[in-house]
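> Starting from these lines, generate the structure:
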Amino acid sequence: MTKKTVFNFIKTPCGQAKYIELEANKTLLGKFRLLLFILIASIRDWNIKE
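Purely as a prediction, here's the structure:
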């Protein structure tokens, strides 16, 4: 399994699991929630080392 590029920004295991869950929702609202989640999770995980 290859590591997704977005996982360089979302570093916590629970955040990565939530990303996969939100990615499955293909509706317009689901895509908007995914975009907001990526933005907020990236900011929160900014200082976490890999």
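> Which residues belonging to the helix or strand harbouring residue 34 are considered buried?
Taking DSSP states H and E as the definition, one finds residue 34 inside helix 28-44. Residues of helix 28-44 classed as buried by neighbour count (16 or more other Cβ atoms under 10 Å): 34, 37-38, 41. From N, CA and C alone the C-beta is placed, and that goes for glycine too.
> Now pLDDT and distance to residue 47 too, for these, in JSON lines please.
Below are the buried residues of helix 28-44 laid out as JSON lines (pLDDT from 0 to 100; distance: Cβ to Cβ, whole Å):
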{"residue": "34", "pLDDT": "95", "distance to residue 47": "23"}
{"residue": "37", "pLDDT": "96", "distance to residue 47": "18"}
{"residue": "38", "pLDDT": "94", "distance to residue 47": "17"}
{"residue": "41", "pLDDT": "94", "distance to residue 47": "13"}
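> for residue 19, what are its contacts?
6-7, 10, 34, 37-38, 41 (Cβ atoms under 8 Å, 6 or more residues apart in numbering).
> at 10 Å instead, please
Contacts for residue 19 (Cβ atoms under 10 Å, 6 or more residues apart in numbering) come out as 4, 6-7, 9-10, 34, 37-38, 41.
> before we move on, what about residue 44?
Contacts of residue 44 by Cβ under 10 Å, 6+ apart are 10-12, 15.
> Do you know the pLDDT at it?
pLDDT, residue 44: 92.
> pretty sure residue 36 contacts residue 22?
Yes: between residue 36 and residue 22 there is a contact at 9.4 Å, judged by Cβ atoms under 10 Å.
> The nearest residue to residue 37 once chain neighbours are set aside: which element?
Leaving aside its chain neighbours, residue 37 sits nearest to residue 22 (5.6 Å; criterion: Cβ to Cβ, 6 or more residues apart in numbering). Following DSSP H and E, one finds residue 22 within helix 13-23.
> Put the alpha carbons of that helix into CSV.
In CSV, the C-alpha atoms belonging to helix 13-23 read as follows (Å, rounded to 0.1, in the frame of the first residue of the first chain):
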residue,chain,number,x,y,z
PRO,A,13,-3.5,7.8,12.9
CYS,A,14,-7.0,9.0,14.0
GLY,A,15,-6.8,11.9,11.5
GLN,A,16,-5.8,9.5,8.7
ALA,A,17,-8.7,7.2,9.5
LYS,A,18,-11.2,10.1,9.5
TYR,A,19,-9.8,11.3,6.1
ILE,A,20,-10.4,7.8,4.6
GLU,A,21,-14.0,7.9,6.1
LEU,A,22,-14.7,11.4,4.7
GLU,A,23,-13.1,10.5,1.3
